[in-house]
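Enquirer: Output the structure for:
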Amino acid sequence: MINRVAGVYVRFENFLTNFLMIGIVFFVFLAAVMRWAGWPLSWSVEFAQLLFVWAIFLGANRTLRERKHITVDVVVKAMPQKVRNVIEVFTKLLVLAFLVFLTKYGFQLSMENSARQISNLPLSYSFITSAVPVGSVLMILTILGQLKDEVSGFKSTSNELKS
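Expert: As a prediction, the model looks like this:
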């Protein structure tokens, strides 16, 4: 059941990040064409920026889930598997702590910006800043799932060594 819900979420997130990227291109292109035609749309670029911030945070979770973030692992790959596992868990715990920090202060930032309006749009600026805590919570859930897999990998490795 949980795997099915996770699968639906992953497909939705992939669709949404792709849709956001298409939206960014569309609104920036629309702004350029309309400016060229002599009817500039000042709200178009700001709306594209709103989509961009959401695409960044949702895309960061997608990249984290797919383990495609850039890494420098030359030294780590030279180490024994057990040490690599420990480093992986330690790194994930550091990232987890940072994401908790981002969630807390991102939520505060969203609350502080709730009365502020995006200059040319009738939207609260918190629509932009809320991408920080939402994206951070999603990444926390992703890392917790990965940590669960890492810890169960420790257990299976230690059981194999005992046998």
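Enquirer: Test my guess that residue 60 contacts residue 142.
Expert: No. Under the criterion of C-beta atoms under 8 Å, residue 60 is not in contact with residue 142, lying 9.6 Å apart. Glycine gets a C-beta too; all of them are placed from N, C-alpha and C.
Enquirer: Does residue 45 touch residue 31 like I think?
Expert: Yes. With contacts defined as C-beta under 8 Å, residue 45 counts as touching residue 31 at a distance of 5.0 Å.
Enquirer: Now for the closest residue to residue 16 other than its chain neighbours, how many residues are close by?
Expert: Nearest residue to residue 16 in three dimensions, chain neighbours excluded: residue 58, at 6.2 Å (C-beta to C-beta, 6 or more residues apart in numbering). Per other C-beta atoms under 10 Å, the neighbour tally for residue 58 reads 20.
Enquirer: Is residue 58 within a helix or a strand, and which one?
Expert: Taking DSSP states H and E as the definition, one finds residue 58 inside helix 42-65.
Enquirer: What is that helix packed up against?
Expert: Helices and strands touching helix 42-65, by 3 or more C-beta pairs under 8 Å, 6 or more residues apart in numbering; DSSP states H and E, are helix 2-37, helix 126-129, helix 131-162.
Enquirer: Kind regards, and thank you for your time.
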